[in-house]
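Enquirer: pasting the structure only:
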Ligand code: GAP
């Protein structure tokens with residue numbers, strides 16, 4: 001992309017399309033909204049479900065060594081003490097005393113000086129800020145509060161009395177469910193190490209600086225898995241094999257290879273539990289940034305839970321009788337962040353004569369609506385009836401939309417913007433020849449197809 005204005009424009013165009021076509025819009029807007037909270041509308045929820053379904057297919061269904069889990073969002077608070085989230089899961093923040101704006105200290109310093117202070121203490125950060133005379137990006141003054149660490153876990157209280165004993169946390173990652181339920185799943189499934197437990201679900205983080213649309217929010221979904229292995233296993237090989245699966249997912253959701261980067265995260269910037277992390281980064285319109293992460297969590301979590309719970313979380317190899325605490329490799333993928341990348345990759349503008357056609361070129365399996373069915377005119381009962389019959393014959397196999405509103409050009413434009421791969425139009429000839437016009441989203445080619453042959457046509461084109 002050529003310059004910042006164009007990049008901002010593109011982001012604005014995507015946000016605007018998302019609202020206009022019912023993908024994503026600001027939450028509780030009738031009350032003025034709530035900053036950085038977003039709702040997924042009719043198209044958004046279908047797109048999200050399709051992504052999660054594809055994720056599950058690739059990471060769980062196609063494998064013999066994976067099982068699923070849905071654990072609670074609110075767990076025993078000891079889980080988060082043991083995992084280190086209560087003490088370690090923090091961002092450093094700093095306030096401008098003049099304009100009262102709040103910033104993440106690492107972002108502030110990096111944007112102003114290019115110096116990376118992630119992993120440094122608040123005192124060290126303050127020194128860098130002072131030495132480099134870092135100005136407030138909002139008001140230009142240099143008048144900072146002390147930098148301080150801020151825990152990202154959302155706190156809540158269980159029951160009627162809001163005291164220390166009633167504190168609980170909304171989960172900051174789904175991963176802890178897989179660790180605390182490890183033994184339960186081992187005992188109730190047929191799995192033996194190596195195997196993995198996967199989960200897709202909501203997580204909550206009280207982010208200091210959420211933003212960039214659905215890129216960083218306080219409530220989001222994570223699709224992740226913990227892959228348990230022997231401490232003697234070749235963890236690098238397992239790590240690399242999961243990276244390949246993540247690459248496959250990137251490919252299947254339509255991300256261009258040139259927009260994907262792999263970033264080996266240095267020690268001081270890794271999460272407290274990780275011995276190696278590779279971030280998969282994407283070229284968003286606002287710049288290259290994290291999309292997904294892959295971490296080698298060692299036996300950190302199970303060991304901690306064994307220590308804090310007093311329960312034996314070791315595994316005994318049925319063949320060798322060897323007893324050990326398993327080590328873990330964890331591919332972790334934000335659902336909304338994936339959706340943002342999918343939306344950016346799919347967004348296409350095409351010049352057609354004097355007009356610009358906006359089309360979302362989603363891979364077919366992700367498209368919210370697979371087939372749109374139109375009667376050419378809504379006041380011609382014979383066309384409307386035929387179109388309803390076609391809708392009814394296809395709806396069990398495909399998510400279809402019936403639309404008889406406005407002129408046909410507008411209907412095509414709407415379907416292009418929601419990324420529908422095929423539109424079927426019933427016209428006056430259809431009554432005579434029992435055929436319809438099928439329009440292809442990407443080529444705009446229009447083909448005459450016999451109504452009796454539609455099932456076969458779509459089954460071939462959707463690869464069913
Ligand atoms: N269990 C590991 C874990 O949670 P993470 O890198 O902190 O790792 C996993 O988060 C993924 O969740 C990230 O790679 C990103 O895709 C997504 N993610 C993290 N914080 C997010 C936020 N505030 N808003 C949206 N997505 C987020």
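Expert: Sure, I can see it. Because the structure is a prediction, the values reported are computed rather than measured. Numbering: from 1, shown residues only.
Enquirer: what's the burial count for residue 212?
Expert: The tally of other residues near residue 212 (other CB atoms under 10 Å) stands at 18. For the C-beta atoms, the positions are set from N, CA and C on the backbone; glycine is no exception.
Enquirer: tell me what the residue in the stretch 251-400 of the chain that the ligand sits nearest to is bridged to.
Expert: Per CB to the nearest ligand atom, residue 334 is where the stretch 251-400 of the chain lies closest to the ligand, at 2.5 Å. On the basis of DSSP bridges, residue 334 is bridged to residue 222.
Enquirer: so how far is residue 284 from it?
Expert: 13 Å (CB to CB, to the nearest Å).
Enquirer: one more: residue 169?
Expert: Residue 169 is 30 Å from residue 284, by CB to CB.
Enquirer: surely residue 393 meets residue 455?
Expert: Yes. Using CB atoms under 8 Å, residue 393 is in contact with residue 455, at 7.3 Å.
Enquirer: the spatially most central residue of the chain - nearest residue in space that isn't next to it in sequence?
Expert: Residue closest to the average C-alpha location in the chain (CA atoms, centre = their mean): residue 335, at 1.7 Å. Leaving aside its sequence neighbours, residue 335 sits nearest to residue 221 (CB to CB, 6 or more residues apart in numbering; 3.8 Å).
Enquirer: next, the buried residues of stretch 130-149.
Expert: By 16 or more other CB atoms under 10 Å, the buried positions in stretch 130-149 come out as 134-136, 144, 147, 149.
Enquirer: same deal with stretch 149-162?
Expert: In stretch 149-162, counting by 16+ other CB under 10 Å, buried: 149-154.
Enquirer: out of these, which are inside strands?
Expert: Among the buried residues of stretch 149-162, DSSP state E puts 149-151, 154 in strands.
Enquirer: of the residues you listed, closest to the ligand?
Expert: Closest approach between these and the ligand, by CB to the nearest ligand atom: residue 154, at 11.6 Å.
Enquirer: for residue 423, identify the helix or strand it belongs to.
Expert: Using DSSP states H and E, residue 423 sits within strand 422-426.
Enquirer: now distance to residue 445 and pLDDT too, for the ones in strands among the buried residues of stretch 149-162, in JSON lines please.
Expert: Below are these laid out as JSON lines (distance: CB to CB, whole Å; pLDDT from 0 to 100):
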{"residue": "149", "distance to residue 445": "58", "pLDDT": "90"}
{"residue": "150", "distance to residue 445": "55", "pLDDT": "89"}
{"residue": "151", "distance to residue 445": "56", "pLDDT": "92"}
{"residue": "154", "distance to residue 445": "51", "pLDDT": "96"}
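Enquirer: near the ligand, which residues of the stretch 251-400 of the chain show up?
Expert: Within the stretch 251-400 of the chain, the positions lying close to the ligand (CB under 6 Å from any ligand atom) are 290-293, 330, 332-334, 336-337.
Enquirer: hmm, back to that, got the buried residues of stretch 149-162 as CSV, with distance to the ligand columns?
Expert: Output for the buried residues of stretch 149-162, formatted as CSV (distance: CB to the nearest ligand atom, whole Å):
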residue, distance to the ligand
149, 16
150, 14
151, 14
152, 9
153, 12
154, 12
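Enquirer: where do the helices of the stretch 1-150 of the chain begin and end?
Expert: Along the stretch 1-150 of the chain, counting by DSSP state H, counting those that start in this stretch, helices occupy 4-20, 42-56, 78-82, 85-88, 105-113, 122-131.
Enquirer: could you do the stretch 251-400 of the chain as well?
Expert: Counting by DSSP H, counting those that start in this stretch, the helices of the stretch 251-400 of the chain are 300-309, 335-346, 381-394.
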